[in-house]
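Enquirer: Provide a 3D model corresponding to the input given below.
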Amino acid sequence: MRRLALALVTALGASTASAEEPAPAWVDQARAGAGALGSQLQQALKSAIAEGGPVAGIEVCRIRAPEIASDVSGSRIDVGRTSLKVRNPDNAPDALETRILEDFERRLAGGENPGDIEAFVIRNDGERRYGHWMKAIPTQGLCTVCHGTDIPPEVAEAIDAAYPRDQARGFSVGELRGAFSVEVDLQAD
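Expert: Down below sits the predicted model:
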């Protein structure tokens, strides 16, 4: 099984596995959930943009993305996205996610392939144990229409109307846009 580089999060009450250890089975569940969210969201975005342009894509991210995340989540798994520069404040990272995202940025700056950047930890919350897995989302060309440095005025206006506290602009292709963030309840294992 593929080995992962791990974020240092011990100060947050989470334990990490050694970078030499194979990923536990629950990581495959997390990857599958994130893969489903990513592919369904990308398909919905491409379709909306083809039919109504980038402004229609904003509505997909605002309305459909949370619905898709909810659909691919379940009783034991919570699938979502986060970023250090969020557009939707509901996607703001918690302390653990922030530390992992900062680690992802260091790894990207160190030359690691953004498509390979992921991390997993075990988090204890009182009586419960959770596996938390994250995978970097690199900025792609399509993303720059709404998240880049040269956003068309009508798109910027629609973003401002939907997200008055938007921070998610100024990205270039290849930069870390954010991450899939998946929490798996390990108590049922």
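Enquirer: and Pro138, how many residues sit next to it?
Expert: 19 (other C-beta atoms under 10 Å). Heads up, the C-betas are built off the backbone N, CA and C, glycines and all.
Enquirer: From Val184, how far out is it?
Expert: Plainly put, Pro138 is 24 Å away from Val184 if you go by C-beta to C-beta, to the nearest Å.
Enquirer: what's the answer for Asp78, then?
Expert: According to C-beta to C-beta, Asp78 stands 8 Å off from Val184.
Enquirer: So those two - more neighbours on which side?
Expert: More crowded of Asp78 and Val184, by other C-beta under 10 Å: Val184, with 26 against 19.
Enquirer: wait, the more buried one sits on Arg76?
Expert: Yes. Counting by C-beta atoms under 8 Å, Arg76 is a contact partner of Val184 at 6.2 Å.
Enquirer: Give me the longest helix you can find in the protein.
Expert: The single longest helix within the chain, with elements called by DSSP state H, is helix 25-52.
Enquirer: so for that helix, what's the average pLDDT?
Expert: What helix 25-52 shows for mean pLDDT is 96.
Enquirer: from the chain's centre, how far out does that helix sit?
Expert: 11 Å (C-alpha atoms, centre = their mean, to the nearest Å).
Enquirer: Which positions in that helix come out as buried?
Expert: Buried residues in helix 25-52, counted by 16 or more other C-beta atoms under 10 Å: 26-27, 29-31, 33-34, 36-38, 40-41, 44-45, 48-49.
Enquirer: Closest to Ala179 out of these?
Expert: Nearest to Ala179 out of these is Ala34 (C-beta to C-beta; 9.0 Å).
Enquirer: Excluding chain neighbours, give the residue nearest to that closest one in space.
Expert: The spatially closest residue to Ala34, leaving aside those adjacent along the chain, is Phe180, at 3.7 Å (C-beta to C-beta, 6 or more residues apart in numbering).
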